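Trainee: Here is a sequence with its predicted model. Questions after.
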Amino acid sequence: MASTKCKYQFVTLLGLLVVALSLSAQQDSLRFTSFSKGRSLVALSGSINSAVDNKTSPLSNVNNVYNNYKIDARLAKIVARNLSLGLYFSTSKYSSEQFVKTDTEVLTIGPHFAYYFTQDQPGGLFINSSFMFVNYFERSVFTALTPPLDEFATGKGFAFLLGFGYTYVVFDRVGLEVSMNYRQARIYGEVENNLYNTKSSEKFNRIDLFFNFGFIVLFDQVKE
């Protein structure tokens, strides 16, 4: 229930932002922008995190280990003033080792849209959206049992992404981007339990709300 409410609030906020910024964008189209038609754009962002804690409890005194990484890449063409269309790719892995050792890998790829509200200044707000194919893998091992309970979940599906952020371009070539994004995926897969030798079909949703920080590079149109 909380996730649904969060989703509606995010979409409403994004809609209001689009309307408000669209009014300001209806100004002189001859004003300068780094995102001019014909240019190409390459974007890259990511994060790597590792942590260990030695929190103890009456049931356990082992160390807890957490690791994750996330990489996002985007190739796009400026097809109209301040409007880019291209391909979005993301891969991420999350792992934790506590009572249950869990490894999750998510890969997404699909078309991407972005609109930059920049006029006569190096920086400005932007909105972006993607529709993606998803490949999902998760393994969970409950080591307290003998033999251990080993469960695999694999699946494929589709996802959509909505977000907004701010970009700042230096020397009309290199820019920094920070954004907040909402992604919801619908995954169709199978869950296999090696201990009980069972297999079942599953449908589930995965919701991510995350911040991205990365950089972009703009290339001029190649002239014949």
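Mentor: Arrived safely.
Trainee: Burial check on residue 45, number of neighbours?
Mentor: Residue 45 has 20 neighbours, counted by other CB atoms under 10 Å. Placement of C-beta: from N, CA and C, glycine included.
Trainee: hmm, I was thinking of residue 137
Mentor: 15.
Trainee: by contact count, what packs against the helix or strand hosting it?
Mentor: Remark: residue 137 resides in strand 123-142, with elements defined by DSSP states H and E. Applying 3 or more CB pairs under 8 Å, 6 or more residues apart in numbering; DSSP states H and E, we find strand 123-142 packed against helix 2-25, strand 83-97, strand 100-117, strand 149-170, strand 174-193.
Trainee: just so I know, which of those lies nearest residue 132?
Mentor: Closest to residue 132 of the helices and strands packed on strand 123-142 is strand 100-117 (CB to CB; 3.4 Å).
Trainee: Can you classify residue 32 by secondary structure?
Mentor: With DSSP: H, G, I helix; E, B strand; the rest coil as the basis, residue 32 sits in coil.
Trainee: wait, what's in contact with it?
Mentor: Residues near residue 32 by CB atoms under 8 Å, 6 or more residues apart in numbering: 119, 120.
Trainee: Any idea which helix or strand in the protein has the lowest mean pLDDT?
Mentor: helix 2-25 (a mean of 54; mean pLDDT, DSSP states H and E).
Trainee: right, and the helix or strand after that one?
Mentor: Using DSSP H and E, the next helix or strand after helix 2-25 towards the C-terminus is strand 40-53.
Trainee: Could I have the CA atoms of the helix or strand following that following strand written out in PDB?
Mentor: Heading C-terminal from strand 40-53, the first helix or strand you meet, by DSSP H and E, is strand 64-80. Provided in PDB are the C-alpha atoms of strand 64-80 (Å, rounded to 0.1, in the frame of the first residue of the first chain):
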ATOM      1  CA  ASN A  64      27.200  -9.500   8.100                       C
ATOM      2  CA  VAL A  65      28.500  -8.600   4.700                       C
ATOM      3  CA  TYR A  66      26.800  -6.400   2.100                       C
ATOM      4  CA  ASN A  67      28.000  -5.700  -1.400                       C
ATOM      5  CA  ASN A  68      26.400  -4.100  -4.400                       C
ATOM      6  CA  TYR A  69      27.200  -2.300  -7.700                       C
ATOM      7  CA  LYS A  70      25.200  -0.500 -10.300                       C
ATOM      8  CA  ILE A  71      26.200   0.700 -13.800                       C
ATOM      9  CA  ASP A  72      24.000   2.800 -16.100                       C
ATOM     10  CA  ALA A  73      24.900   3.700 -19.700                       C
ATOM     11  CA  ARG A  74      23.100   5.700 -22.300                       C
ATOM     12  CA  LEU A  75      23.700   6.300 -26.000                       C
ATOM     13  CA  ALA A  76      21.400   8.900 -27.600                       C
ATOM     14  CA  LYS A  77      20.900  11.300 -30.600                       C
ATOM     15  CA  ILE A  78      19.500  14.800 -30.200                       C
ATOM     16  CA  VAL A  79      16.700  14.500 -32.700                       C
ATOM     17  CA  ALA A  80      15.200  17.900 -32.000                       C
END
